[in-house]
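Undergrad: Sequence and predicted structure are below.
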Amino acid sequence: MDNLRKIFTWYLILNKRLLRKISFVLILCSIPIMALIVSLVSSYSSESLKIVLSSEDPSNEISAGIIDNLVSSSGLSSFSVCDDPDKAREMVLYGEADAAWIFVSDIDERIIAGVRGNTFDSQCVRVLERKDDVALKLSREKLAAALSEQIGFRVLTENFRKLVDPRTGDEELKEYYLSATGSGDIFDFIRPSGESFENSNEMFMLLPVRGMMAIAIVLCGLATAMFYLHDENSGIFCRISRNAKPFFSAGYHLTGIFDVAIVVLVSIFICGVNVSFVNELVSMLVYCLAVTAFVIFIRQICGNSRILSVITPLIIIVLIVISPILFSLPMLLPIQILTPTYYYLLSISNPVYILFMALYTVLFGLADLIIFRIKSRI
């Protein structure tokens, strides 16, 4: 009980010293502000692309049906309707839309001709795009899926009337087609942990936020390391015994890291990008230990606050580039495994990486002790 009271007392004392640092307080305040801004932006509009839909013949049932389905769908693209194809082209030209999908007037005839001839020699949709990027290429898959539904129905119509009953009407065939294809999802998206992805479309803008917050914890840890070097040079820790110094150093760094981790954890739940509470809590606790071991290693390698302050921006830039925030870069794996952010970001979807992160903490902790012993003898 006395040991717990002593640890808590030291925590309050170290916290009091850290909270006097203006830069440390600014880092703490910037995290929830960033989370709040992104949350507000996401609640206003979660779409990354603006695609305008138009038909050369608005009375055409096929194009009208496809347009209605696209407009009512949810996803990473925002669909709007423009009655005038020329106006749709102008919207792309002047940057009011990222792309325009213009359905030709005789789309039904072209689909039927393609089905009967087993080949599509003429285009059914004219696609105008401002640029050729990955997001727009992915959006075309939605257009292809909408056209495939119409082509599938025409294949059924042609073959049913040819092989079964030529007198069957379109409405009867359409009812049969819809009942046969069903309306449910054929995919079940789950994480390796077994949890289902929820609101994956609506929250895509918030996905980089977790990565940036994880890097903010490292930044705060490096700032705490600079404060530690300054206090050490000032002789504040001179009464601490040599054997107790590594543990005191870990506690000093962990205090600052733990403070920002609490703010980050709350911000993650505010943003709504959280997984289960237990997974979040355990991952964050182990991550705090991993970051502590990492920044102590960097601090001991640097030796003084001047060198540490110079390389801190470089470390943050490297973490932003190599961390699996938006995409994974397998060729950088040998460097990624040396950073705590790699294990933390992967542990959210796969809890196995929590164990890897714990092993990372042990290895870097041992390295910290070895470096401390070597420097103590010099």
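TA: Yes, it's here.
Undergrad: name the helices or strands packed onto the longest strand seen in the chain?
TA: Among the segments of the chain that qualify as a strand by DSSP state E, the longest is strand 49-55. The helices and strands touching strand 49-55, judged by 3 or more CB pairs under 8 Å, 6 or more residues apart in numbering; DSSP states H and E, are helix 61-72, strand 77-81, helix 85-93, strand 99-103, helix 134-163. Glycine gets a C-beta too; all of them are placed from N, C-alpha and C.
Undergrad: C-terminal to the least confident helix or strand in the chain by mean pLDDT, which secondary structure element comes first?
TA: Taking mean pLDDT, DSSP states H and E as the measure, helix 170-181 is the helix or strand of the chain with the lowest mean score, a mean of 62. Tracing the chain past helix 170-181, the next element assigned as helix or strand by DSSP states H and E is helix 207-233.
Undergrad: Just name whatever secondary elements that next one is in contact with.
TA: Contact partners of helix 207-233 among helices and strands, from 3+ CB pairs under 8 Å, 6+ apart: helix 2-19, helix 22-44, helix 245-271, helix 277-302, helix 305-322, helix 340-347.
Undergrad: So for residue 86, which of the ones you listed sits nearest?
TA: Nearest to residue 86 among these is helix 22-44; the distance by CB to CB comes to 30.1 Å.
Undergrad: For that closest one, the averaged confidence score.
TA: Helix 22-44 carries an average pLDDT of 71.
Undergrad: gap between residue 209 and residue 235?
TA: For residue 209, the distance to residue 235 (CB to CB, to the nearest Å) stands at 41 Å.
Undergrad: neighbour count winner among those two?
TA: The residue with more neighbours, out of residue 209 and residue 235, is residue 209; 23 against 8, by other CB atoms under 10 Å.
Undergrad: Was I right to think that one contacts residue 273?
TA: Yes - at 6.4 Å, residue 209 counts as touching residue 273 under the criterion of CB atoms under 8 Å.
Undergrad: looking at the helices and strands packed on strand 49-55, which is buried most?
TA: strand 99-103 (a mean of 23; mean count of other CB atoms under 10 Å).
Undergrad: Run the angle between that one and strand 49-55 for me.
TA: If you take axes from the mean of the first three to the mean of the last three CA atoms, to 10 degrees, strand 99-103 sits at 20 degrees to strand 49-55.
Undergrad: can you pull the alpha-carbon coordinates of strand 99-103 into PDB?
TA: Coordinates of each C-alpha in strand 99-103 appear next as PDB, following Å, rounded to 0.1, in the frame of the first residue of the first chain:
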ATOM      1  CA  ALA A  99     -16.500  13.200 -62.900                       C
ATOM      2  CA  ALA A 100     -19.600  13.000 -65.100                       C
ATOM      3  CA  TRP A 101     -21.300   9.800 -66.200                       C
ATOM      4  CA  ILE A 102     -23.500  10.500 -69.200                       C
ATOM      5  CA  PHE A 103     -25.900   7.700 -70.300                       C
END
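Undergrad: Does that strand pack against any helices or strands, and if so which?
TA: The contact analysis (3+ CB pairs under 8 Å, 6+ apart) places strand 99-103 against strand 49-55, helix 61-72, helix 85-93, strand 125-129, helix 134-163.
Undergrad: count of neighbours near residue 317?
TA: Using other CB under 10 Å, residue 317 has 11 neighbouring residues.
Undergrad: How about the secondary structure of the closest residue to residue 106 other than its chain neighbours?
TA: In space, and not counting its chain neighbours, residue 106 is closest to residue 57: 7.7 Å by CB to CB, 6 or more residues apart in numbering. Assigned by DSSP: H, G, I helix; E, B strand; the rest coil, the conformation of residue 57 is coil.
Undergrad: and residue 57, what is it in contact with?
TA: 63, 103, 105-106 (CB atoms under 8 Å, 6 or more residues apart in numbering).
Undergrad: separation between it and residue 104?
TA: Relative to residue 104, residue 57 is positioned 8 Å away (criterion: CB to CB).
Undergrad: Also residue 265?
TA: In this structure, residue 265 and residue 104 are 53 Å apart, going by CB to CB.
Undergrad: Mind pulling up the pLDDT for the closest residue to residue 342 other than its chain neighbours?
TA: Of all residues not flanking residue 342 in the chain, residue 336 sits nearest, at 4.2 Å (CB to CB, 6+ apart). The predicted local confidence for residue 336 comes out at a pLDDT of 91.
Undergrad: who touches residue 336 in this structure?
TA: Going by CB under 8 Å, 6+ apart, the list of residues near residue 336 reads 322-324, 329, 342.
Undergrad: Of these, which one scores lowest on pLDDT?
TA: Lowest pLDDT among the contacts of residue 336: residue 329, with 72.
Undergrad: For that one, give me its contacts.
TA: Under the criterion of CB under 8 Å, 6+ apart, the contact partners of residue 329 comprise 322, 336.
Undergrad: One more: the one 10 residues further on?
TA: When contacts are counted by CB under 8 Å, 6+ apart, residue 339 touches 294, 319, 322-323.
Undergrad: so which of these is the most crowded?
TA: residue 294 (27 neighbours).
Undergrad: mind giving me the domain split of the protein?
TA: Recorded structural domains for the chain (assignment: automatic domain parsing) are 2-42+202-377, 47-181.
Undergrad: what's the most distant pair in the contacts of residue 339?
TA: Across these, the longest distance by CB to CB is 14.0 Å; it joins 294 and 322.
Undergrad: hang on, the earlier thing: between the helices and strands packed on strand 99-103, which one is nearest to residue 222?
TA: With CB to CB as the measure, helix 134-163 is the member of the helices and strands packed on strand 99-103 nearest residue 222 (33.2 Å).
Undergrad: quick one: low-confidence parts of the stretch 1-150 of the chain?
TA: 1-14, 16-18, 38-48, 74-76, 108, 111-122, 134 (pLDDT under 70).
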